[in-house]
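>>> turn this into a model:
(chains A and B)
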2 protein chains.
Amino acid sequence: MTEPLRIGLAGLGTVGTGVVRMLQTHPDLLAARAGRPIEITAVSARSRRRDRGIDLSAYAWEDDPVALAKRDDVDLVVEVMGGENGPARATALAALEGGKHFVTANKAMMARHGTSLAAVAEAKGVALRFEAAVAGGIPVVKALTEGLAGNAIGRVMGVLNGTCNYILTRMQAEDAPYEQVLEAAQRLGYAEADPSFDVGGIDAAQKLALLATIAFGAPVDLESMIVEGIERVSLADIEHAAELGYRIKLLGVAQVTGEALEARMQPCLVPAGSPIGQLEGVTNMVVIEGDFVGRIVLSGPGAGEGPTASAIVGDIVDIARGLIIPPFGRPSASLIPAARPGVGAQASYYLRFLLADAPGVLAKVATALGEADISINRMRQVEHDGPEAPVLIVTHRTERARLDAALATIAGLDVCREAPVAIRIEEL
Amino acid sequence: MTEPLRIGLAGLGTVGTGVVRMLQTHPDLLAARAGRPIEITAVSARSRRRDRGIDLSAYAWEDDPVALAKRDDVDLVVEVMGGENGPARATALAALEGGKHFVTANKAMMARHGTSLAAVAEAKGVALRFEAAVAGGIPVVKALTEGLAGNAIGRVMGVLNGTCNYILTRMQAEDAPYEQVLEAAQRLGYAEADPSFDVGGIDAAQKLALLATIAFGAPVDLESMIVEGIERVSLADIEHAAELGYRIKLLGVAQVTGEALEARMQPCLVPAGSPIGQLEGVTNMVVIEGDFVGRIVLSGPGAGEGPTASAIVGDIVDIARGLIIPPFGRPSASLIPAARPGVGAQASYYLRFLLADAPGVLAKVATALGEADISINRMRQVEHDGPEAPVLIVTHRTERARLDAALATIAGLDVCREAPVAIRIEEL
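Prediction:
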């Protein structure tokens, strides 16, 4: 198999440009590693004229990515346009149905249509790969699909959005509120002008859905997940958490508890000394727990031109070498929805109350928790001026539904001056 | 391809038992992920009678592993006997020359004979895989060979021996000298009765040699490496390093500097706040730096029944899926020895001297370093009782040969009361 593998590249933004640059930088290295040359034959993007700082003169141009996907001189289509539907999906279907391999960085499309696209790929005997869609340059899809394939996976966790981790890290380091840090992040290019996709947890949730689908052999979609962003994480909670020995992270967790498969992307407290607690800035981290392997931790750059191109080219090399496996690591027909999605595993919680500073007030809160059978691990009243006392409680493990009921009771007490805050503590 | 993949297992110690247990625990999961059943057909070990707590009754028995490798009902041989030559190598050759796939956990054999065995595998068109030989359950061979295959690798680093990291961690935590911690580790089973293979750095160096061979496409053998163990790491240096913001780790580093490929396994100072600095206990960690991906960090259990079995079964699943690539990620004939092996990259150094406590002594040391063109970043005289003063120096970046010459000069000064200690500082 020494014929060149011929690439059609759809999309010439940051990532597409990075792919071109990588293939142009390392032709000999890639040929040695892949066992055959890897060549771009055609490219497609919205604007042909834009100067991207790379030489595209050797490649055919297509205005329409679907036409690119149908070219006879293309064996593999790389899609880096983005978008859940529209041209990206049309290109994917044209490529796969035409018997061409397909490599994508498109998490939105894969989270929504991944299993149906996988079925097409499997029927046609071609590869569909998406390492770049999750955690940028970290080869985590490969680790889960291949390296750890012998394990029953118990839990997958991830800090999967660099923007959110950057903002939370800076809030703590600079003692600055969310809005102020977000603005600075936007100026530095770490956050989009419209940041809602990132800070709302959607981007990270799409990535977790893909990892969970591979890990548990059950299609996980966003609708079955708990998704909360970081917009409501207060500086006060970050600081109180730090005093208690925790950090607040936007953490994705997918885990099996009995019959239930639960997937959540939400702010969590994690031990400050744990690898996730120590993760700073835009770096991503994924933790995989398997029944034989134990706990594996992978970290690295989760976005950017180079890391994303690295993931795409890794997928291309796999395909050039002849690796064709089901996209989610087992036949898509065998992916079976979980019997009980979204049922909450027990956890400890960090609670913050603002209470009237009067005799007997703490007892009322403690009584309400006790009556709900929630026991208290730690309780601390924070020093304060004025008539209202911030009170922090760390509970022992309990069910979320039970906790919510107790919090509703407490919120109704006349001594409670603000809606209680509850943040899950993830044990590591 | 739904025929079962038939395994012959040579070796039934801890790891072999783990492989049996894993294949017996997850037959359906493995068949779903591999696309075909994976079945053990025959096993071999020294003692047939020993009770290993697993049911071997369904498998044929061979006293001779070479006979096992030649059986018609074996498609893939798993070798977990160990040993650089002898039965392990004979079994490898019998399997590969007979056109059978071969999976091994044997770092000693692979570090010594890996490239020649790879040539046989490539000639026969079969797979030779050794994920379990490096860093236990961490899929690092796969990350380097496949996931990051598009990158030119600049540096690979690793904490690859759990025994050493455990001992160094405990020395610091318990303020206890090497011999005392080693004894405790032996009692707990974290160190062998004869620990020289681990604490001397040989075990870790073999693993680094394998990673370096993959990363740089150049065969790296132990003879071309700098290998130092942890036997001479003193509690004093651990504590002084901590005061300066560092940890001492047995760290493997393979890197390209200009034309030179350098591979070292030796105690190094690393920043206390870095992922490697924070790594405690028996956990392993590998850091890979690629030109496009940036820095990827992988950590997890580096040894033990479950993690090692996980790596072996991951390799088996790959082969069941039809993945057959050159063992070192490119044809063994293309592995070319580095033009300049072992030439030292520049580094900063931690130096410790024991000097007479008299006027002008520090000046003499500083002068000797200055005359060798080595500049001083930090200098600290440690509080002391008695007539001898411990002096710590952190240098700026310099060449090792230059440093050694200066240290020889200083050792010859009449004020120098002990051979100077020099430990490399690895920047992260």
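
>>> only C-alpha atoms from now on, for both contacts and neighbour counts.
OK.

>>> next SSE downstream of the lowest-mean-pLDDT helix or strand in chain A?
When each helix and strand of chain A is scored by mean pLDDT, DSSP states H and E, strand A:340-341 comes last, with a mean of 70. Scanning forward in sequence from strand A:340-341 by DSSP states H and E, the next helix or strand is strand A:348-356.

>>> so which elements touch that next one?
strand A:388-395, strand A:421-425 (3 or more Cα pairs under 8 Å, 6 or more residues apart in numbering or on different chains; DSSP states H and E).

>>> contacts for stretch A:168-182 next, please.
The contact list for stretch A:168-182, computed with Cα atoms under 8 Å, 6 or more residues apart in numbering or on different chains, reads A:167, A:191, A:231, A:233-235, A:238-239, A:248-249, A:280-281.

>>> stretch A:235-243 now?
With Cα under 8 Å, 6+ apart as the test, stretch A:235-243 has contacts from A:171-172, A:175-178, A:247-248, A:269, A:272, A:352, A:392.

>>> list only buried entries from these.
Among the contacts of stretch A:235-243, those classed as buried by 16 or more other Cα atoms under 10 Å in any protein chain shown are A:171-172, A:176-178, A:247-248, A:269, A:272, A:352, A:392.

>>> what's the closest of these to chain B?
Among the buried ones among the contacts of stretch A:235-243, residue A:272 lies closest to chain B (Cα to the nearest Cα), at 12.3 Å.

>>> contact partners for the closest residue in space to the closest one that isn't next to it in sequence?
Distance criterion Cα to Cα, 6 or more residues apart in numbering or on different chains; nearest residue to residue A:272, sequence neighbours excluded, is residue A:246 at 4.5 Å. Residue A:246 makes contact with A:269-273, A:277 under the criterion Cα under 8 Å, 6+ apart.

>>> for stretch A:254-268, which positions count as buried?
Within stretch A:254-268, judged by 16+ other Cα under 10 Å, the buried ones are A:254-256, A:260-268.

>>> using TSV, lay out those together with pLDDT, distance to residue B:399 and secondary structure.
Shown next, in TSV, are those (pLDDT from 0 to 100; distance: Cα to Cα, whole Å; DSSP: H, G, I helix; E, B strand; the rest coil):
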residue	pLDDT	distance to residue B:399	secondary structure
A:254	96	49	strand
A:255	94	50	strand
A:256	88	53	strand
A:260	84	59	strand
A:261	90	56	strand
A:262	92	54	strand
A:263	94	52	strand
A:264	95	51	strand
A:265	97	49	strand
A:266	97	49	strand
A:267	98	47	strand
A:268	98	47	strand
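
>>> quick check, nearest of those to chain B?
Distance to chain B across the buried residues of stretch A:254-268 (Cα to the nearest Cα) is lowest for residue A:256, with 15.3 Å.

>>> the closest one contacts residue A:155, correct?
Yes: between residue A:256 and residue A:155 there is a contact under Cα atoms under 8 Å: 6.7 Å.

>>> could you dump stretch A:97-112 to CSV, C-alpha only?
Taking only C-alpha atoms (Å, rounded to 0.1, in the frame of the first residue of the first chain), the coordinates of stretch A:97-112 have been written out as CSV:
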residue,chain,number,x,y,z
GLU,A,97,-21.8,7.6,1.1
GLY,A,98,-19.3,8.0,-1.7
GLY,A,99,-17.0,5.5,0.1
LYS,A,100,-14.5,8.1,1.2
HIS,A,101,-12.9,8.3,4.6
PHE,A,102,-13.9,11.3,6.7
VAL,A,103,-12.0,13.1,9.4
THR,A,104,-13.6,16.0,11.3
ALA,A,105,-13.0,18.4,14.2
ASN,A,106,-16.7,19.1,14.3
LYS,A,107,-17.9,18.4,17.9
ALA,A,108,-21.3,19.9,17.3
MET,A,109,-22.1,17.7,14.3
MET,A,110,-20.6,14.6,15.9
ALA,A,111,-22.5,15.1,19.2
ARG,A,112,-25.7,15.5,17.2
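
>>> residue A:30: neighbouring residues, count only.
Neighbour count of residue A:30, defined by other Cα atoms under 10 Å in any protein chain shown: 26.

>>> any part of the helix or strand in which it is found near chain B?
Secondary structure assigned from DSSP H and E places residue A:30 in helix A:27-34. Yes: interface with chain B: helix A:27-34 contributes A:29-30, A:32-34 (Cα under 8 Å from any Cα of the partner chain).

>>> list the buried residues for that helix?
So, applying 16+ other Cα under 10 Å, buried residues of helix A:27-34: A:29-34.

>>> so, low pLDDT: which residues of the stretch 301-428 of chain A?
Within the stretch 301-428 of chain A, the stretches with pLDDT under 70 are A:339, A:341-343.
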